[in-house]
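> Sequence unavailable; structure follows:
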């Protein structure tokens, strides 16, 4: 069964760090473009970061230098390490997979991804 399950969210203060993890089943994460999106209340879903099958990584400007996406093929997981968190990073973070294997990717766009997790809440507040 194809499935993505996110974990690692929480309530933290500005400047703190979190590591999100996306556990995948039913396919190999090494064969697909994988990405993290986030959605804040009242806002559109936003692509945060993506990783291609060749290891290339992409980040939206607001998280460059603070977030790092990584893939563990042995564990079949995708992680997102987030440091120096800001209140504007608050939202539900969702893991996603491209529709097709070995798809060429760039900055993550919602329409390119066909399998989604349920999300994990990240709240950054003092």
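Received it, and whenever you're ready, just let me know what you need. No experiment lies behind these values; they were computed from the predicted model shown. Numbering: from 1, shown residues only.
> most centrally placed residue in the chain?
By C-alpha atoms, centre = their mean, the chain has its centre lying nearest to residue 36, at 1.9 Å.
> Which strand residues bridge it?
Beta-bridge partners of residue 36, counted by DSSP bridges, are residue 49, residue 95.
> wouldn't residue 104 be in contact with residue 54 here?
No - at 9.3 Å, residue 104 and residue 54 do not qualify as touching, with contact defined as C-beta atoms under 8 Å. From N, CA and C alone the C-beta is placed, and that goes for glycine too.
> Can you pick out the residue with more neighbours from those two?
Neighbour count, other C-beta atoms under 10 Å: between residue 104 and residue 54, residue 104 has more, with 12 against 9.
> all strands of the protein, in order?
3-7, 10-12, 18-25, 32-39, 46-51, 57-59, 67-72, 77-82, 91-101, 113-116, 120-124 (DSSP state E).
> between the fourth one and strand 18-25, how big is the angle?
To tie it back to what came earlier, the one meant is strand 32-39. Computed by axes from the mean of the first three to the mean of the last three C-alpha atoms, to 10 degrees, the angle separating strand 32-39 from strand 18-25 equals 130 degrees.
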